[in-house]
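Participant: Quick one: sequence plus predicted model below, questions after.
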Amino acid sequence: MRPIDLHTHSNCSDGTYTVTELMDYAHEKDLAAIALTDHDTVEGLDEAISYAAEHYPDMEVIPGIEFSTVNEGKDVHVVGLYIDHHNAGFVAGLKAFVDSRTERNRKMCRKLTEEAGLPMTYEELIQAYPGAVLTRAHYADFMVKKGYAKSRAEVFDRYIGDNCPYYVPREKISPEQAIDYVLKAGGVPILAHPVLYKMGEAKLDSLVARLKEAGLVGIEAIYSTYEPRDERRIKALAAKYDLLISGGSDFHGRNKPDIDLAVGYGRLFVPEDILPPIKAAAGRRP
């Protein structure tokens, strides 16, 4: 059985591989399928699909996205698989969300320039990272290159970490809103890496029950950082709420250097037999 990877990132968001490099690497890994799930953007999907169709017809490319949402003040991520990324309503909603992020990035640049004395503009950032949805990882990389800090960790600790004076919070969308976006695009909404949220059993159960009511279809039960007990816990939660199993590495290239495509820290294996139910939920032909 060949592996699949349903959670990956390119340099269209905060990964370091270009779309074509990622597709080439996925083929090297003998993936039967790969989902490109960049943060809050579908920028690379057409290129990924057309490139793989031409060069690797035996490898399926699944159009996806990973929404960054906030639940009770904490990050919760929702992956959408098999989305129609050209759906007009979906595109309009995503544009409004991205436009709000652009204004947030402009504000953060102004704060760093005017209050921290570290000259930088939004225009410089987009020139340095063309086509990317800017995240704080891009700020950190840029500020180290400019000599404003010695390391990415210092950037987060002193300047743009959650409680730092130059951080500007992004517009908050709820997990329910993200699920609605994915459903309207004909996709399958998946709760990403729930173990990472460090919730107790009761709190996570409550969140999953609430999101199931909102239309959640699947949950990431196979993931790079999970111990066997974590996988068992999430699979039990999936069975309780009749959710499909998804899984992936959360590959980011050099931005998460210890996590490799398909294999995570070396032990990950996402079997291709979990894909047909997800495809069926999206109304796709197996």
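Facilitator: Arrived safely.
Participant: In the stretch 151-286 of the chain, where is pLDDT below threshold?
Facilitator: Applying pLDDT under 70 to the stretch 151-286 of the chain flags residues 285-286.
Participant: Where do the helices of it begin and end?
Facilitator: 152-155, 175-184, 201-214, 228-240, 275-281 (DSSP state H, counting those that start in this stretch).
Participant: winner for burial among these?
Facilitator: Counting by mean count of other CB atoms under 10 Å, helix 175-184 has the highest mean neighbour count of those, with a mean of 21. C-beta: built from backbone N, CA, C; applies to glycine.
Participant: Show me what that helix is in contact with.
Facilitator: Contact with helix 175-184 is made by 65, 67, 69, 71, 76, 78, 80, 83, 87, 89-90, 93-94, 188-189, 191, 207, 210-211, 214-216, as judged by CB atoms under 8 Å, 6 or more residues apart in numbering.
Participant: same question, stretch 208-223
Facilitator: 6-7, 79, 81, 175-176, 179-180, 183, 188-195, 230-231, 234-235, 237-238, 241-250, 264, 268-270, 274, 278, 281.
Participant: one step back: selection in PyMOL covering whichever of the contacts of helix 175-184 are buried, please.
Facilitator: Applying 16 or more other CB atoms under 10 Å to the contacts of helix 175-184, the buried members can be selected in PyMOL as follows:
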select buried, resi 65+67+69+71+76+78+80+83+87+90+93+94+188+189+191+207+211+216
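Participant: Which of the contacts of helix 175-184 fall in strands?
Facilitator: 65, 67, 69, 71, 76, 78, 80, 188-189, 191 (DSSP state E).
Participant: Switch the helices of the stretch 151-286 of the chain over to TSV; also include distance to Ala32.
Facilitator: Formatted as TSV, the helices of the stretch 151-286 of the chain follow (distance: least, CB to CB, whole Å):
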stretch	distance to Ala32
helix 152-155	34
helix 175-184	23
helix 201-214	28
helix 228-240	20
helix 275-281	8
